[in-house]
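*Asks:* Here is the input, now give the coordinates:
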Amino acid sequence: MPSFPQYHRMSNLFLRARILSSIRAFFQKNGYLEVETPVRIPTPLPEAHIDVCSADGAFLQPSPEGCMKRLLAAGYSKIFQICRCFRKGERGARHLPEFTLLEWYAEREDYRHLMRFSEAMFDGIARSLGRAGEPLCFAGHRVDLSPPWPRLSVKEAFARHADRTLEQALSESCFDEVMGLQIEPQLGLSRPVFLCDYPVAHGALARRKTDNPRMAERFELYIAGLELCNGFSELIDPAEQRRRFVEELARRQEAGKTVTPMPERFLSDLSCMPPAAGNAMGVDRMVMLFAGAQTIDEVTAFTPEEL
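*Replies:* As a prediction, this is how the structure comes out:
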């Protein structure tokens, strides 16, 4: 018997393989090109709350976003990628420091398209598993996957589930704390829900809403309290993107975190990027849902502690 409890996960690893095959088939059917981009990059796109892993003078990608957007700028109009990503200090029942991410981009689309596309992808996966019309059972909840799924603004979520308004949370610098402790556990308990329209300060790479410039066209998907993805209409103005990166790096410096170099090549190519939308979805968590697994350890071949 091996020294790690892999034999307990065998059925989940077979399920994982079927889900990965279904994802690829879905994107290919919809005309997307599968791409591969470097895992080791000169500098990540600055985000205040994501800590990156250094790698011999460079960094392991926290996501393939920078390189994939440069491909969009080069004329690749519909692309997707399933890849390994790395984030320092992320370890828990639902987190791994090395994880699998599904990321995709489509030009001339916005975040509303991404939400509809995500609904269709989940439906396609369920059908491929022979589970069309069946609820997901996860963390004690039965979740009906039938589309369309509700859209809930961040402002509405604070009004329903928090002990203060969105404006108060922002002024008191406790937005993330309230989201994590009060709001997220209440989302998607009977049906998946898209939490959308975030404050611009919490959507560093997302386009502003034209009818409310204080908010960004960003969304996250929640199923049974589990966050699955982060998608948005892309910000393609290099000057505004640079200003936001400067703000993100300043927040990192104030928090005593590593300050990485400005991604100059990304900013240069951004001027050539068409209007587009992109989404990043956690594959490990997706498998957790379909497997009914309580921890992310149950759906991966090796945990860090087993290496």
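*Asks:* what about Arg208, distance to Ala73?
*Replies:* Separation of Arg208 from Ala73 (C-beta to C-beta, to the nearest Å): 20 Å. Any C-beta I mention is one placed from the backbone N, CA and C, and that applies to glycine too.
*Asks:* ditto for Arg116
*Replies:* Following C-beta to C-beta, the distance that separates Arg116 from Ala73 is 25 Å.
*Asks:* Can you list the helices and strands that the lengthiest helix in the chain packs against?
*Replies:* Longest helix in the chain, counting residues (DSSP state H): helix 10-29. Based on contacts counted as 3 or more C-beta pairs under 8 Å, 6 or more residues apart in numbering; DSSP states H and E, the elements that helix 10-29 packs against are strand 33-34, strand 78-86, helix 111-128, helix 283-291.
*Asks:* list the buried ones in it?
*Replies:* Buried residues in helix 10-29, counted by 16 or more other C-beta atoms under 10 Å: 12, 15-16, 19-20, 22-23, 26-27.
*Asks:* what residues does that helix touch?
*Replies:* Residues from elsewhere that reach helix 10-29 (C-beta atoms under 8 Å, 6 or more residues apart in numbering): 34, 80, 82, 102, 104, 120-121, 124-125, 128-129, 283, 286-287, 290-291, 293, 298-299, 301.
*Asks:* again, only using 10 Å
*Replies:* If you take C-beta atoms under 10 Å, 6 or more residues apart in numbering as the criterion, helix 10-29 is touched by 6, 9, 32-34, 78-82, 100, 102, 104, 117, 120-130, 281, 283-284, 286-293, 298-301.
*Asks:* Give me whichever of the helices and strands packed on helix 10-29 is most buried.
*Replies:* helix 283-291 (a mean of 22; mean count of other C-beta atoms under 10 Å).
*Asks:* Quick check: mean pLDDT of that helix?
*Replies:* Mean pLDDT, computed over helix 283-291, is 97.
*Asks:* so how far is the helix or strand Asp197 falls within off the chain centroid?
*Replies:* For Asp197, the host element (DSSP states H and E) is strand 193-199. The offset between the C-alpha centroid of strand 193-199 and the centroid of the whole chain comes to 13 Å, using C-alpha atoms, centre = their mean, to the nearest Å.
*Asks:* Strand partners (parallel or antiparallel) of that strand?
*Replies:* strand 151-153 (parallel), strand 212-223 (antiparallel) (DSSP bridges).
*Asks:* what's the closest of these to Glu248?
*Replies:* strand 212-223 (13.6 Å; C-beta to C-beta).
*Asks:* What residues sit buried inside that closest one?
*Replies:* 215-223.
*Asks:* swap in stretch 234-249?
*Replies:* Counting neighbours by 16+ other C-beta under 10 Å, the buried set in stretch 234-249 is 234-236, 238, 241, 244-245, 248-249.
*Asks:* do the same with stretch 136-147
*Replies:* Residues of stretch 136-147 classed as buried by neighbour count (16+ other C-beta under 10 Å): 136, 138-139, 143, 145.
*Asks:* Please apply the same query to stretch 295-307.
*Replies:* Along stretch 295-307, these residues count as buried under the neighbour rule (16+ other C-beta under 10 Å): 296-300, 303.
*Asks:* Format these as a markdown table; extra columns: secondary structure.
*Replies:* Formatted as a markdown table, the entries for the buried residues of stretch 295-307 read as follows, by DSSP: H, G, I helix; E, B strand; the rest coil:
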| residue | secondary structure |
| --- | --- |
| Ile296 | helix |
| Asp297 | helix |
| Glu298 | helix |
| Val299 | helix |
| Thr300 | coil |
| Thr303 | coil |
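*Asks:* Going by distance to Val259, which of these wins?
*Replies:* Each of the buried residues of stretch 295-307 was scored against Val259 by C-beta to C-beta, and Ile296 proved nearest at 29.5 Å.
*Asks:* My read is that that closest one contacts Pro97, right?
*Replies:* No. Applying C-beta atoms under 10 Å, one finds Ile296 not in contact with Pro97, separated by 11.1 Å.
*Asks:* In TSV, list the strands paired with strand 193-199 along with mean pLDDT.
*Replies:* Compiled in TSV, those are given as follows (pLDDT from 0 to 100):
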stretch	mean pLDDT
strand 151-153	98
strand 212-223	97
